[in-house]
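A.B. asks: got a structure for you, letters missing:
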């Protein structure tokens with residue numbers, strides 16, 4: 001018999017990365033902040049303006065981008081939660097309204113898992129005795145929805161906001177302490193290193209080769225910086 005996904009009724013067995021969802025949001029937020037900030041800041045440097053205006057442009061861009069990303073994350077999570085709630089209530093109604101049909105579906109799921117004979121009937125009756133357990137089973141197996149998927153939209157938005165700020169500060173910080181011509185090299189070096197590190201870490205949940213993942217983020221970031229710098233030179237005095 002194939003390896004079962006259920007250890008016992010209602011206990012779904014599947015590998016997870018601890019804090020995986022928040023970690024993904026943090027990584028993506030940092031990467032977005034890095035790429036957006038290096039593009040803006042390097043573009044302003046290309047326009048040959050002073051350190052004050054470089055930092056000012058970077059800070060404005062940083063907070064505007066962070067707020068935008070946080071708002072988008074909040075709305076996305078809230079919409080996803082609303083969808084899950086709607087599907088849960090719909091499935092709960094179907095279990096109450098069409099019990100025989102739902103029980104037949106549950107039987108089919110168990111047969112697909114390798115249950116048969118007395119073991120099938122015993123498992124079916126055990127699950128069916130608890131309607132919330134039936135709901136959990138139907139949601140996860142029929143619709144791919146788990147009530148564990150609910151996330152706090154405020155927490156998600158906060159993670160995205162802070163991670164974006166963190167990523168944006170990296171290309172910007174050298175301009176606070178150094179002259180623009182010196183700060184540019186330091187900024188690009190810090191950004192390249194950070195893009196590689198955070199890009200490489202994505203392999204944990206993408207399965208992609210970590211070197212390829214890191215190099216991919218580096219190339220994207222440097223392309224954005226080059227385009228930003230070139231556009232900035234077009235506006236240089």
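C.D. replies: Yes, it's here. A quick note: this is a predicted structure, and the numbers were derived from the prediction, not measured.

A.B. asks: least trustworthy helix or strand in this structure by mean pLDDT?
C.D. replies: strand 6-8 (a mean of 37; mean pLDDT, DSSP states H and E).

A.B. asks: Can you tell me the SS state at residue 48?
C.D. replies: Secondary structure state of residue 48, per DSSP: H, G, I helix; E, B strand; the rest coil, is coil.

A.B. asks: can you map out the strands along the chain?
C.D. replies: 6-8, 11-12 (DSSP state E).

A.B. asks: Where does pLDDT dip in this structure?
C.D. replies: For the chain, applying pLDDT under 70 flags the ranges 1-22, 143, 147-149, 236-237.

A.B. asks: Which helix runs longest in it?
C.D. replies: Secondary structure assigned by DSSP state H gives helix 51-97 as the longest helix of the chain.

A.B. asks: starting at the chain centroid, how far to that helix?
C.D. replies: 11 Å (CA atoms, centre = their mean, to the nearest Å).

A.B. asks: name the helices or strands packed onto that helix?
C.D. replies: helix 20-46, helix 99-112, helix 131-138, helix 153-172, helix 174-177, helix 180-201 (3 or more CB pairs under 8 Å, 6 or more residues apart in numbering; DSSP states H and E). Quick note: C-beta positions are derived from backbone N, CA and C, even for glycine.

A.B. asks: Export these as JSON lines, with columns for distance to residue 120.
C.D. replies: As requested, those are exported to JSON lines (distance: least, CB to CB, whole Å):
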{"stretch": "helix 20-46", "distance to residue 120": "34"}
{"stretch": "helix 99-112", "distance to residue 120": "6"}
{"stretch": "helix 131-138", "distance to residue 120": "14"}
{"stretch": "helix 153-172", "distance to residue 120": "41"}
{"stretch": "helix 174-177", "distance to residue 120": "66"}
{"stretch": "helix 180-201", "distance to residue 120": "44"}
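
A.B. asks: Just give the closest residue to residue 55, not the sequence neighbours.
C.D. replies: Distance criterion CB to CB, 6 or more residues apart in numbering; nearest residue to residue 55, sequence neighbours excluded, is residue 175 at 5.4 Å.

A.B. asks: if I read this right, residue 47 contacts residue 228, doesn't it?
C.D. replies: No: using CB atoms under 8 Å, residue 47 is not in contact with residue 228, being 10.0 Å away.

A.B. asks: Look at those two and report which has more neighbours.
C.D. replies: More crowded of residue 47 and residue 228, by other CB atoms under 10 Å: residue 228, with 23 against 18.

A.B. asks: hang on, the more buried one packs against residue 39?
C.D. replies: Yes: counting by CB under 8 Å, residue 228 does reach residue 39; the two are 3.9 Å apart.

A.B. asks: Identify whichever of the helices and strands packed on helix 51-97 lies nearest to residue 66.
C.D. replies: Comparing those against residue 66 with CB to CB, the closest turns out to be helix 153-172 (4.1 Å).

A.B. asks: sorry, back to before: any idea of the angle the longest helix of the chain forms with helix 131-138?
C.D. replies: 120 degrees (axes from the mean of the first three to the mean of the last three CA atoms, to 10 degrees).

A.B. asks: what is the orientation angle of helix 51-97 with helix 180-201?
C.D. replies: Using the same axes, to 10 degrees, helix 51-97 lies at 20 degrees relative to helix 180-201.
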